[in-house]
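> Provided below for reference: sequence and predicted model.
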Amino acid sequence: MDSSTTPLIDRDDLERRQYSTGSPADGSSIVKVLAGFFVSMLVLSSMVAVMYNQLQRPQGGRQSTTATTTSASPGIEEKPSSRGVGWPENMVGGDDSIEWQRSAYHFQPDKNFISGPLYHMGWYHLFYQYNPDSAIWGNITWGHAVSKDLINWFHLPLAMVPDHWYDIQGVMTGSATILPDGQIIMLYSGNAFDLSQLQCLAYPLNSSDPLLLDWIKYSGNPILFPPPGVGLKDFRDPSTLWIGPDGKYRMVMGSKHNDTIGCALVYHTTNFTHFELLDDVLHSVPGTGMWECVDLYPVSTTDTNGLDMSDHGSGSGGVKYVLKQSGDEDRHDWYAIGSYDPVKDKWYPDDPEMDVGIGLRYDYGKFYASKTFYDPSKKRRVLWGYVGETDPQKDDLIKGWANILNIPRSVVLDTKTQRNLIQWPVEEVETLRSKKHNEFKDVELQPGSLIPLDIGSATQLDITASFEVDSAMLGATLEADVLFNCTTSDGSAARGVLGPFGLVVLADASLTEQTPVYFYIAKNIDGTSRTYFCADESRSSKLLDVGKMVYGSSVPVLHGENYNMRLLVDHSIVESFAQEGRIVITSRVYPTKAIYESAKVFLFNNATGINVKASLKIWKMGGAQLNPFSLFK
């Protein structure tokens with residue numbers, strides 16, 4: 001830390017402890033410290049013992065290389081259930097009756113509604129917005145969970161609750177910063193009694209506690225009010241801090257001006273309690289509306305290691321910068337790649353036509369309010385996002401829970417294209433794979449074919465698949481589907497000359513429910529082609545009152561590359577990665593028939609003019625541990 005920087009916390013200052021979200025101070029400080037130390041050591045040793053006993057690899061499914069062809073089509077239209085909207089009659093009547101929707105290896109709370117991730121003393125910490133009283137929005141509190149591997153988690157006591165005038169309507173999104181001296185600070189948005197958005201500071205009672213059990217709200221909160229010209233509800237989500245070449249720390253905030261121009265405000269600070277707003281914004285884009293959850297971070301142009309913001313530069317010399325915002329109006333997470341000037345605190349897009357909010361997205365499905373953090377233990381940048389429900393709130397109340405998080409993803413620049421990111425599930429998720437796997441090699445897919453894959457129950461899977469298209473047939477095809485677009489198409493039921501082809505997951509045997517994930521090749525007039533990667537929810541459920549979108553976008557497929565995808569299937573969520581992670585689609589689906597042993601997997605080629613050869617590996621996935629820590633049950 002710069003010598004001119006005022007320390008944030010005086011470690012001997014006991015007065016501030018009365019603002020802890022735990023019990024108020026009673027004067028017996030020495031006894032509390034000793035007791036806290038004893039409890040922390042007991043907590044740590046007990047957690048290690050529990051994890052040692054519980055983190056076991058699942059037993060695998062049997063290996064198979066056989067496949068048979070049927071004449072059915074993944075595009076078969078089914079008439080709606082005569083029962084209409086709502087759960088099937090045999091699935092109504094309590095939480096257990098629709099328990100199949102609960103994910104097995106994605107993070108979610110034990111019940112109720114599902115912000116500042118960090119790595120500290122060997123533990124990954126996840127803070128998340130949570131309603132302890134209901135499965136729907138309200139009383140937003142910060143839940144707290146810890147993990148050794150980003151996959152298996154232990155719930156800890158609530159980190160912060162809405163208990164002051166400046167956050168009484170909710171402890172909202174925040175970001176953690178670890179300072180050079182080891183102190184940790186958390187900046188977060190508080191919703192005040194009038195719903196105005198105020199920025200607040202919190203810090204752990206003891207930064208040397210590996211579990212960070214107790215959090216203190218700064219006595220001088222709020223530290224930032226909306227500046228002049230910014231709406232009271234247009235000022236939120238402070239970023240992680242980073243230090244600039246002048247020794248001052250930077251922080252960016254999401255906002256908008258003139259109603260439609262989304263922007264990122266920039267603040268400087270030397271003591272973390274007083275912030276100076278710069279005259280100019282980091283970046284703005286007309287027509288994009290309110291920016292939430294703004295994130296700025298560097299990516300290497302030459303290797304696959306993640307970078308921290310301490311690796312600041314001008315965008316040359318092997319470093320580019322990603323600027324990301326969550327669009328409040330369209331509920332998508334947009335990013336762009338460019339350069340950052342740390343002296344002027346300005347960010348510039350490499351391609352203005354692919355600017356933030358009008359170009360690329362992290363995820364083309366159900367995914368929002370994401371946050372990255374730098375993981376120093378594995379030198380990687382990790383991305384988390386919020387995967388909401390698309391069913392009615394009444395169904396969430398029946399279930400007793402709502403919303404999950406995606407499997408954490410590592411994020412790097414695509415060094416082959418230099419124009420997009422690569423997102424990939426963190427390697428730790430592979431520890432849940434079965435010891436044996438099913439493998440299918442060189443399966444021939446003729447036009448219009450559908451092939452069931454005999455793997456048994458197919459609700460918890462990790463699938464890697466590669467598709468080789470007959471190059472002669474592809475080259476002989478002239479103009480085809482020039483105007484194709486995933487979201488405006490008829491999904492997998494639409495048969496084009498060069499697509500769709502791919503996988504059908506979470507399908508029942510008769511395909512009355514199905515979620516196809518597929519490629520679609522469109523040819524331009526000049527003979528060049530564009531490849532699209534899509535996920536079709538339109539037949540994913542017999543229910544009529546749940547979301548059923550066709551998601552997707554174009555994806556670069558370079559010369560010599562086969563078409564490849566990886567799918568993480570987990571009961572009611574499918575995360576789909578194409579071309580090693582150049583594009584990602586998260587689908588939230590609600591099958592009523594394609595559940596447990598009734599869920600099937602199919603290969604399909606619904607194109608009319610090409611043959612496709614497919615090779616796959618399919619692992620059954622075990623369940624992640626998501627338990628309350630034993631001392632806090």
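Received it, and whenever you're ready, just let me know what you need. None of these values were measured; they are calculated from a predicted model.
> Can you name the residues bridging to Ile178?
Ile184 (DSSP bridges).
> Pull the number of nearby residues for the nearest residue to Val497 once chain neighbours are set aside.
Leaving aside its chain neighbours, Val497 sits nearest to Gly609 (3.9 Å; criterion: Cβ to Cβ, 6 or more residues apart in numbering). C-beta here means a position set from N, CA and C on the backbone, and glycine is covered the same way. Counted by other Cβ atoms under 10 Å, the residues lying close to Gly609 total 17.
> Could you verify my assumption that Gly609 touches Met473?
Yes. The pair Gly609 and Met473 passes the contact test of Cβ atoms under 8 Å, sitting 6.3 Å apart.
> residue contacts, Phe467?
When contacts are counted by Cβ atoms under 8 Å, 6 or more residues apart in numbering, Phe467 touches Phe501, Gly502, Phe519, Asn562, Tyr563, Asn564, Val612, Lys613, Ala614.
> that's a strand at it, yeah?
Yes. Phe467: assigned to a strand according to DSSP: H, G, I helix; E, B strand; the rest coil.
> how near is it to Trp424?
As judged by Cβ to Cβ, to the nearest Å, Phe467 and Trp424 stand 19 Å apart.
> next one: Val482
From Val482 across to Trp424, the span is 32 Å (Cβ to Cβ).
> Identify the residues contacting the nearest residue to Gln418 once chain neighbours are set aside.
Closest residue to Gln418 apart from its sequence neighbours, by Cβ to Cβ, 6+ apart: Thr301 at 6.6 Å. Going by Cβ under 8 Å, 6+ apart, Thr301 touches Gly318, Val319, Lys320, Leu413, Thr415, Gln418.
> if you skip the residues just before and after it, what's nearest to Gln446?
Gln446's closest residue in space is Asn611 (Cβ to Cβ, 6+ apart), at 6.0 Å.
> oh, I was asking about Ala369
Tyr386 (4.5 Å).
> Was I right to think that neighbour contacts Phe367?
Yes. The pair Tyr386 / Phe367 is scored as a contact, 7.4 Å apart, by Cβ under 8 Å.
> Those two: which has the busier surroundings?
Set Tyr386 next to Phe367 and count neighbours by other Cβ under 10 Å: Phe367 wins out with 27 against 22.
> give the contact list for the more buried one.
Phe367 sits next to His332, Asp333, Gly385, Tyr386, Val387, Asn406, Val584, Thr586 when contact means Cβ under 8 Å, 6+ apart.
> you'd agree the first one is up against Gln325?
No. Under the contact definition of Cβ under 8 Å, His332 does not touch Gln325, with a separation of 9.5 Å.
> Looking at those two, which has the bigger crowd around it?
The neighbour comparison of His332 against Gln325 (other Cβ under 10 Å) goes to Gln325, with 29 against 16.
> and the residue nearest to that one when sequence neighbours are not counted, how far is that from Leu265?
Leaving aside its sequence neighbours, Gln325 sits nearest to Trp291 (Cβ to Cβ, 6+ apart; 3.9 Å). For Trp291, the distance to Leu265 equals 9 Å [Cβ to Cβ].
> Tell me the residues that contact both of those two, please.
Joint contacts of Trp291 and Leu265 (Cβ under 8 Å, 6+ apart) are Gly254, Ser255.
> Neighbour count: those two, which is higher?
A side-by-side neighbour count of Trp291 and Leu265, using other Cβ under 10 Å, places Trp291 first with 31 against 24.
> and whichever strand or helix holds Tyr386, which strands flank it?
Element membership for Tyr386, per DSSP states H and E: strand 380-387. Sheet partners assigned to strand 380-387 using DSSP bridges are listed as strand 368-375 (antiparallel), strand 404-405 (antiparallel), strand 409-413 (antiparallel).
> Figure out how far the last one is from the centre of its chain.
This points to strand 409-413. Strand 409-413 sits 12 Å away from the centroid of its parent chain (Cα atoms, centre = their mean, to the nearest Å).
> Can you name the residues in contact with that strand?
Against strand 409-413 from outside (Cβ under 8 Å, 6+ apart): 299-301, 304-306, 320, 322, 337, 372, 380-384, 421-427, 581, 584.
> Does the very next helix or strand once past it pack against any helices or strands, and if so which?
Following strand 409-413 in sequence order, the next helix or strand is strand 421-425 (DSSP H and E). Applying 3 or more Cβ pairs under 8 Å, 6 or more residues apart in numbering; DSSP states H and E, we find strand 421-425 packed against strand 409-413, strand 573-578.
> repeat that for 6 Å
strand 409-413 (3 or more Cβ pairs under 6 Å, 6 or more residues apart in numbering; DSSP states H and E).
> Give me the buried positions along the strand it packs on.
Arg409, Ser410, Val411, Val412, Leu413 (16 or more other Cβ atoms under 10 Å).
> Can I get those residues in JSON lines including distance to Ser434?
Output for these, formatted as JSON lines (distance: Cβ to Cβ, whole Å):
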{"residue": "Arg409", "distance to Ser434": "22"}
{"residue": "Ser410", "distance to Ser434": "23"}
{"residue": "Val411", "distance to Ser434": "27"}
{"residue": "Val412", "distance to Ser434": "28"}
{"residue": "Leu413", "distance to Ser434": "33"}
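> out of those, who's nearest Asn627?
Arg409 (23.8 Å; Cβ to Cβ).
> if I look at that closest one, how far off is Asn403?
Distance from Arg409 to Asn403, by Cβ to Cβ: 18 Å.
> Any regions of the protein where pLDDT drops low?
By pLDDT under 70, the low-scoring segments of the chain are 1-98, 110-115, 132-139, 312-317, 630-633.
> Just give me the residue right at the centre of it.
By Cα atoms, centre = their mean, the chain has its centre lying nearest to Gly385, at 2.4 Å.
> Next secondary structure element downstream of the strand holding Tyr386?
helix 393-399.
> would you put the C-alpha positions of that following helix in PDB?
The C-alpha coordinates for helix 393-399 follow below in PDB (Å, rounded to 0.1, in the frame of the first residue of the first chain):
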ATOM      1  CA  GLN A 393     -43.400 -17.600  -8.600                       C
ATOM      2  CA  LYS A 394     -46.200 -19.800  -7.400                       C
ATOM      3  CA  ASP A 395     -44.200 -22.800  -8.500                       C
ATOM      4  CA  ASP A 396     -41.100 -21.500  -6.700                       C
ATOM      5  CA  LEU A 397     -43.200 -21.200  -3.500                       C
ATOM      6  CA  ILE A 398     -44.300 -24.800  -4.000                       C
ATOM      7  CA  LYS A 399     -40.700 -25.900  -4.400                       C
END
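> Sort out which residues of that helix are buried, please.
Asp395, Asp396, Ile398, Lys399.
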